[in-house]
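Q: one predicted model, sequence on top.
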Amino acid sequence: MDVQLSIGRPVEKSLEISLGVMTTKGEWELVDMLAQKHTIPPQEMNISRDTITYYIVLRRRATLYVVNLLIPSCFLITVDLFSFLLPPQNVDRSSFKMTLILGYTVFLLLMNDLLPVTGNTLPLINAFFSLCLALMVASLLETILIINIQCGSSNYGPLPRLAKVLFLNYLAKLVFLSKKPSDQNWDLEEHKTETHRCDPVVDTPPSKAVHNTTPTLQELRKISHELLSIRQQVDKHFKTDESADEWIHLGQVIDRLLFGIYIIFLSVSFITIFVVWKCWYNKNASLI
């Protein structure tokens with residue numbers, strides 16, 4: 001007995017009925033249905049066989065991933081971006097970033113069941129999450145570097161001349177963070193001259209120095225030498241503060257520079273991921 005198979009109902013009608021009776025409205029969406037009939041030529045006992053193949057085209061619903069995964073990730077990476085505006089010397093920026101990374105890690109663990117499982121192929125959304133986490137970790141390392149420079153500036157020596165010229169002169173202008181002249185930069189030699197000029201011993205002529213040996217003049221001499229010693233200690237202290245200010249300014253310049261690099265890298269990465277997703281989507285849409 002020979003049995004011949006044929007497509008009794010048009011595929012479009014079968015697709016319409018399938019869309020009407022589908023009860024699962026979750027992650028997958030029925031896009032199209034195709035059917036082909038093949039006739040296998042006779043091979044054994046001169047018997048030919050008919051085969052009918054149905055192709056069902058499914059597509060993931062993107063709304064679930066956009067609302068539950070992509071939008072919260074974009075919010076967190078935006079918060080991490082604006083955390084660069086916090087001054088590290090006044091606010092503990094590193095604790096804030098560590099809390100942000102911890103929260104994002106917990107978020108990924110909770111939403112792990114929603115991530116698509118595609119075997120050996122890495123989904124693009126997983127690459128997006130890995131990129132966000134890597135950017136947060138990089139910003140935390142940058143904050144640790146800046147805090148180390150600024151908080152330990154009092155223990156460092158003078159800033160090397162090459163770093164001073166490169167960072168404080170050129171890169172500071174590039175990131176619009178030029179240092180204002182300080183009012184505490186006094187000239188030690190000038191004040192030594194002024195102190196020397198005000199010394200009663202110097203101003204007194206040699207012919208009168210013998211006659212002006214009153215107790216008042218001796219006290220003025222002692223006060224003059226003590227003021228000169230105090231003046232030297234104060235100038236030494238100001239030189240130390242100037243070195244610390246240079247290190248602090250260096251940290252601010254590096255922080256502003258890395259902030260700009262962070263924005264550029266973040267923008268380029270997100271645009272690249274969007275372009276790759278758009279090309280992949282258009283390619284699959286053309287195949288359908």
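A: Nice, thanks for sending it over.

Q: did I read that right, Gln89 in a helix?
A: No - using DSSP: H, G, I helix; E, B strand; the rest coil, the secondary structure at Gln89 is coil, not a helix.

Q: I'd say it and Asn148 touch.
A: No - contact status for Gln89 versus Asn148: not in contact, 11.9 Å apart, counting by CB atoms under 8 Å. For every residue, glycine as well, the C-beta is placed using N, CA and C.

Q: which regions of the stretch 101-250 of the chain sit below the pLDDT cut-off?
A: For the stretch 101-250 of the chain, residues meeting the criterion pLDDT under 70 lie at 118-119, 153-154, 179-213, 232-241.

Q: could you pull out the helices for the stretch 151-288 of the chain?
A: Along the stretch 151-288 of the chain, counting by DSSP state H, counting those that start in this stretch, helices occupy 161-163, 172-174, 188-197, 200-203, 206-209, 215-287.

Q: ignore the last one, the stretch 1-150 of the chain
A: Using DSSP H, counting those that start in this stretch, helices in the stretch 1-150 of the chain cover 11-21, 62-65, 71-82, 93-110, 124-151.

Q: neighbours around the closest residue to Arg256 other than its chain neighbours, how many?
A: Nearest residue to Arg256, sequence neighbours excluded (CB to CB, 6 or more residues apart in numbering): Val175, at 4.1 Å. Counted with other CB atoms under 10 Å, the neighbours of Val175 add up to 17.

Q: again, but for Arg221
A: For Arg221, using other CB under 10 Å, the count is 13.

Q: try Thr272
A: When neighbours are counted by other CB under 10 Å, Thr272 registers 11.

Q: got it, and Thr143?
A: Neighbours of Thr143 using other CB under 10 Å come to 23.

Q: again with Phe270
A: 15.

Q: swap in Leu159?
A: Neighbour count for Leu159, taken as other CB under 10 Å: 20.

Q: residues contacting it?
A: The contact partners of Leu159, by CB atoms under 8 Å, 6 or more residues apart in numbering, come to Leu168, Ser243, Glu246, Trp247, Leu250.

Q: hmm, 10 Å instead?
A: Ser153, Val165, Phe167, Leu168, Glu242, Ser243, Ala244, Asp245, Glu246, Trp247, His249, Leu250 (CB atoms under 10 Å, 6 or more residues apart in numbering).

Q: again with Ile56
A: Ile56 neighbours (CB under 10 Å, 6+ apart): Leu15, Ser18, Leu30, Val31, Asp32, Met33, Leu34.

Q: closest one of these to Pro116?
A: Comparing those against Pro116 with CB to CB places Val31 closest, at 16.6 Å.

Q: how near is that closest one to Val275?
A: 23 Å (CB to CB, to the nearest Å).

Q: the more surrounded of the two?
A: More crowded of Val31 and Val275, by other CB under 10 Å: Val31, with 14 against 10.

Q: got a pLDDT number for the more buried one?
A: Reported pLDDT at Val31 in the predicted model: 79.

Q: go on, the one 3 residues further on?
A: On pLDDT, Leu34 comes in at 81.

Q: got it, and the one 3 residues further on?
A: Per-residue confidence for Lys37 comes out at a pLDDT of 75.

Q: how far away is it from Val31?
A: Note on Lys37: its distance to Val31, by CB to CB, is 22 Å.

Q: my guess is Ser73 meets Tyr104, correct?
A: Yes - at 7.6 Å, Ser73 counts as touching Tyr104 under the criterion of CB atoms under 10 Å.

Q: tally of neighbours for Leu168?
A: 19.

Q: ah, wrong one, I meant Val253
A: 23.

Q: what's the distance between it and Gln89?
A: The span separating Val253 from Gln89 equals 14 Å under the rule CB to CB.

Q: which residues does Trp280 contact?
A: Applying CB under 10 Å, 6+ apart, we find Trp280 in contact with Leu124.

Q: can you check Leu19 too?
A: Contacts of Leu19 by CB under 10 Å, 6+ apart are Glu29, Leu30, Val31, Met33.

Q: show me what the first one bridges to in the sheet.
A: Glu29 forms beta bridges with Arg59, as assigned by DSSP bridges.

Q: ok, it touching Arg59?
A: Yes - at 4.9 Å, Glu29 counts as touching Arg59 under the criterion of CB under 10 Å.

Q: residues contacting Ser94?
A: Ser83, Pro88, Ser139, Leu140, Leu141, Glu142, Thr143, Ile144, Ile146, Ile147.

Q: okay, now the first one: neighbour count?
A: So the one you mean is Ser83. Residues within reach of Ser83, counting by other CB under 10 Å, total 18.
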